[in-house]
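# build me a structure from this.
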Amino acid sequence: MKTREKKHLEAQRDDRTTIRYTVSGPASGTTLALIHGWGVDRTDFDEITDHLPDDVRVIAVDLAEHGESRSTRNVWTIEEFGRDVAAVLEAESVESAVVAGHSLGGAVAVEVGRQLPHTVSHIVALDALHYLGLFPKQSAEQIEAMENLFRQDFEGGVRGLVEGGSPAGTDEALKEAYFKKMVAVRQPAGLHSICGLARWDMDAALSETKQPITVFAVRALTDREAIERYGDRVDIVLIDLGSHHFQVEAPEGTARLLTGVLGSK
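Residues are numbered from 1 along each chain as shown. Have a look, this model is predicted:
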């Protein structure tokens, strides 16, 4: 495995939002855009990038108020996060890309595909889009209950997310590391963006997104009902690479999954 040379760049969306991102690989190569999940950042993909083929151009993005990206905007919807990524692809003059996102980033990837239908050729969700506790769109009462949970006990809400994404036997030290990183998400964007995910209408987004969608779902965390509900729209591939954060735990295996999608282009 070679360590890729990575360029750290930024795209200025407007006077309120600056998006930081990393680029590696040849400009002429197949482009893979990587989007992290809620409360984490683009460094989750550092090791994966080093395991990808040399001819793949990788763009890893920090969403607004995550990692090094900064914003003073007031809108924290999945659609707006999609515009963060779209701004980076446009800044890099990307003509065609596979867009992959983890967790909340999977929803963002769908939005990028919806916003840039002629640029995004394939959407990949890394343990995303199959959680029936979030999708389809929640009722007003369910959304209010989730918002109240995080407003009243933010640490408890984050702890619940980590536990919910950890199959039996997950290393306690890993869970604690994920918790510490996620609970430190910048506020108030952290609270607003998790609520934005709860408010996102995935069914409507999928109906307007024409690209093929591959979901790599952790077997132990995937309900048969989700496969039955969405299997005719997305290709759900069950995997055994670790917890909800398997891209951190198994970067080489995750790179193989992504390479397989890239090879089908």
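# apart from its chain neighbours, what residue comes closest to the residue nearest the centre of the chain?
In the chain, the centroid-proximal residue (CA atoms, centre = their mean) is residue 105; its distance is 1.8 Å. Distances taken as CB to CB, 6 or more residues apart in numbering put residue 35 closest to residue 105, at 3.5 Å, once the chain neighbours are dropped. Bear in mind the C-beta positions are built from the backbone N, C-alpha and C, glycine included.
# how about residue 100?
Here the residue nearest residue 100, using CB to CB, 6+ apart, is residue 124, at 3.7 Å.
# number of nearby residues for the one you found?
Residue 124 has 29 neighbouring residues, counting by other CB atoms under 10 Å.
# now do the SS call for it.
Secondary structure, DSSP: H, G, I helix; E, B strand; the rest coil: residue 124 is strand.
# may I have the residues that are in contact with it?
Going by CB atoms under 8 Å, 6 or more residues apart in numbering, residue 124 touches 98-101, 106, 109, 213-216, 258, 261.
# again, only this time at 10 Å
32-35, 98-102, 105-106, 109, 212-216, 235, 237, 257-258, 260-262 (CB atoms under 10 Å, 6 or more residues apart in numbering).
# helix or strand for residue 214, which one?
Applying DSSP states H and E as the criterion places residue 214 in strand 213-218.
# one step back: bridging residues for the residue nearest to residue 100?
Beta-bridge partners recorded for residue 124 (DSSP bridges): residue 100, residue 214.
# any idea how far residue 183 is from residue 191?
In this view, residue 191 and residue 183 are 11 Å apart by CB to CB, to the nearest Å.
# can you list residues touching both of the two?
The contact lists of residue 191 and residue 183 share 154, 157, where a contact means CB under 10 Å, 6+ apart.
# tell me where this structure has helices.
Per DSSP state H, the chain has helices spanning 46-51, 78-91, 104-115, 140-152, 154-164, 172-183, 189-199, 202-207, 224-230, 246-249, 251-263. These are given in chain order.
# so which of these has the densest surroundings on average?
Across the helices of the chain, averaging neighbours per residue (mean count of other CB atoms under 10 Å) puts helix 104-115 on top, at a mean of 27.
# and that helix, what does it pack against?
Secondary-structure packing of helix 104-115 (3 or more CB pairs under 10 Å, 6 or more residues apart in numbering; DSSP states H and E): strand 30-35, strand 56-61, helix 78-91, strand 97-102, strand 120-126, helix 189-199, helix 202-207, strand 213-218.
# next, the angle strand 213-218 makes with that helix.
Relative orientation of helix 104-115 versus strand 213-218 (axes from the mean of the first three to the mean of the last three CA atoms, to 10 degrees): 180 degrees.
# CA atoms of helix 104-115 as CSV?
Output of helix 104-115 as CSV, limited to C-alpha atoms (Å, rounded to 0.1, in the frame of the first residue of the first chain):
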residue,chain,number,x,y,z
LEU,A,104,-25.9,10.8,7.1
GLY,A,105,-23.4,11.2,4.2
GLY,A,106,-25.4,8.5,2.4
ALA,A,107,-28.4,10.7,2.4
VAL,A,108,-26.3,13.6,1.3
ALA,A,109,-25.0,11.5,-1.6
VAL,A,110,-28.5,10.9,-2.8
GLU,A,111,-29.1,14.7,-2.7
VAL,A,112,-25.9,15.3,-4.7
GLY,A,113,-27.2,12.8,-7.3
ARG,A,114,-30.5,14.6,-7.4
GLN,A,115,-28.9,18.0,-7.8
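# hang on, the earlier thing: and of the helices and strands packed on helix 104-115, who's closest to residue 17?
helix 78-91 (7.1 Å; CB to CB).
# model confidence over that closest one, on average?
Computed over helix 78-91, the mean pLDDT rounds to 97.
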